[in-house]
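S.K.: return atomic coordinates for the entry below.
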Amino acid sequence: MLIVFASVLIFGLVHPASKLLLDQGIPLSYFCTLYVGIRFVIQLPFLFSRGTTNIKSRKIFRLLLLVGLVGALLQFFEFKGIHQGLPPATVTFLMFSYPIWILVINIFNRNRTVGAIEVAQSIAVVVGIFFLTQNEVTNFSFASSALVYPLLASIFIAAWIILSNRLRKDGVGTFDLSAYYDLLSVGALLAIFSGKLLQEWPQFLAWSEGINNISGMVAYSLLVGLLPNLMFYLGSRRVSSHFAGTVMGLEPLFSSIYSAIIWKSAFGSHFVIGGVLILLANVPKEFLASTFRRELVYEK
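M.R.: Next comes the predicted model:
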């Protein structure tokens, strides 16, 4: 239980810490590629360990390739918003609007039925986004055009969740999935950024002259990227999926706290209302359903 909670505490640093690094002048193309690449290098022993799953099915291989592409696009849009000047807490909350995209996908999936709780959570997401972004939208500020990036990232989070569940059902282990995800994501990022990496090479060289910058990027990739992933995987084995999902929904809250500490940010009532609605949309529907049933029984 404590491991899961500690992992989410660290996850909350992903966006605030990325802003600190991006503000140091590292090009976005190198930031995304190094972030995933460093994680993959550390996971190489896991990938080639004795217990690693062999990819014998073409279906699994295609799904892994798709997960890698989704991961690359997720990393790009996730950090593009911060690179364009959006507050880290806003990016985190907007990315956590992914339940609505899962609902949309399930609506077109004939094998899935959509319940009232899922619809209510999706409505909460839409209303939450409105409250969260009303200042930027009504003022038509520069940041408003960047709002699309974390929203696109939320779509790819939904796709990643659905694809990962399929792979887990097909027998791909959690650690294997993590390693393959990073391997194929960094390959896709190298392909996507091939031109940018060459173009921004001089800027990267100037940035990398600072040893603190290099060590900061490595520490960020390992301590804020890989470590909480592994902690969450390990901890979630010992707790219910309801508990793990509910605690993961606290990540935006921690991101807001860290942002307030680092930049002394002040959040208005619209931000609080929007954040609460999006957090509620991330509570597992099974947990809400069981709680609601208990209340009905008590009232009777």
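
S.K.: can you give me the helices in the stretch 51-200 of the chain?
M.R.: When secondary structure is read from DSSP state H, counting those that start in this stretch, the stretch 51-200 of the chain shows helices at 58-83, 88-95, 98-107, 116-139, 148-169, 174-192, 194-199.

S.K.: err, the stretch 201-300 of the chain, not the other one
M.R.: Here the stretch 201-300 of the chain has its helices, by DSSP H, counting those that start in this stretch, at 201-208, 211-219, 227-236, 241-248, 251-263, 269-281, 285-299.

S.K.: in JSON lines: those, plus mean neighbour count, mean pLDDT and distance to Tyr180.
M.R.: Placement of C-beta: from N, CA and C, glycine included. What follows is the helices of the stretch 201-300 of the chain, written out as JSON lines (neighbours: other CB atoms under 10 Å; pLDDT from 0 to 100; distance: least, CB to CB, whole Å):
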{"stretch": "helix 201-208", "mean neighbour count": "13", "mean pLDDT": "92", "distance to Tyr180": "27"}
{"stretch": "helix 211-219", "mean neighbour count": "13", "mean pLDDT": "89", "distance to Tyr180": "22"}
{"stretch": "helix 227-236", "mean neighbour count": "19", "mean pLDDT": "78", "distance to Tyr180": "13"}
{"stretch": "helix 241-248", "mean neighbour count": "17", "mean pLDDT": "63", "distance to Tyr180": "22"}
{"stretch": "helix 251-263", "mean neighbour count": "19", "mean pLDDT": "81", "distance to Tyr180": "24"}
{"stretch": "helix 269-281", "mean neighbour count": "19", "mean pLDDT": "75", "distance to Tyr180": "29"}
{"stretch": "helix 285-299", "mean neighbour count": "11", "mean pLDDT": "51", "distance to Tyr180": "28"}
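
S.K.: those: which one's closest to Leu147?
M.R.: Comparing the helices of the stretch 201-300 of the chain against Leu147 with CB to CB, the closest turns out to be helix 269-281 (12.3 Å).

S.K.: between the closest one and helix 251-263, how big is the angle?
M.R.: Using axes from the mean of the first three to the mean of the last three CA atoms, to 10 degrees, one finds that helix 269-281 and helix 251-263 are set 150 degrees apart in direction.

S.K.: still on that earlier bit, please identify which of the helices of the stretch 51-200 of the chain is closest to Ile262.
M.R.: For Ile262, the closest of the helices of the stretch 51-200 of the chain is helix 88-95, at 8.7 Å, according to CB to CB.

S.K.: next, the angle helix 58-83 makes with the closest one.
M.R.: Going by the same axes, to 10 degrees, helix 88-95 makes 140 degrees with helix 58-83.

S.K.: reformat the helices of the stretch 201-300 of the chain as a markdown table; add distance to Tyr35.
M.R.: Supplementary listing: the helices of the stretch 201-300 of the chain in a markdown table, determined by distance: least, CB to CB, whole Å:
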| stretch | distance to Tyr35 |
| --- | --- |
| helix 201-208 | 14 |
| helix 211-219 | 8 |
| helix 227-236 | 12 |
| helix 241-248 | 20 |
| helix 251-263 | 17 |
| helix 269-281 | 24 |
| helix 285-299 | 32 |
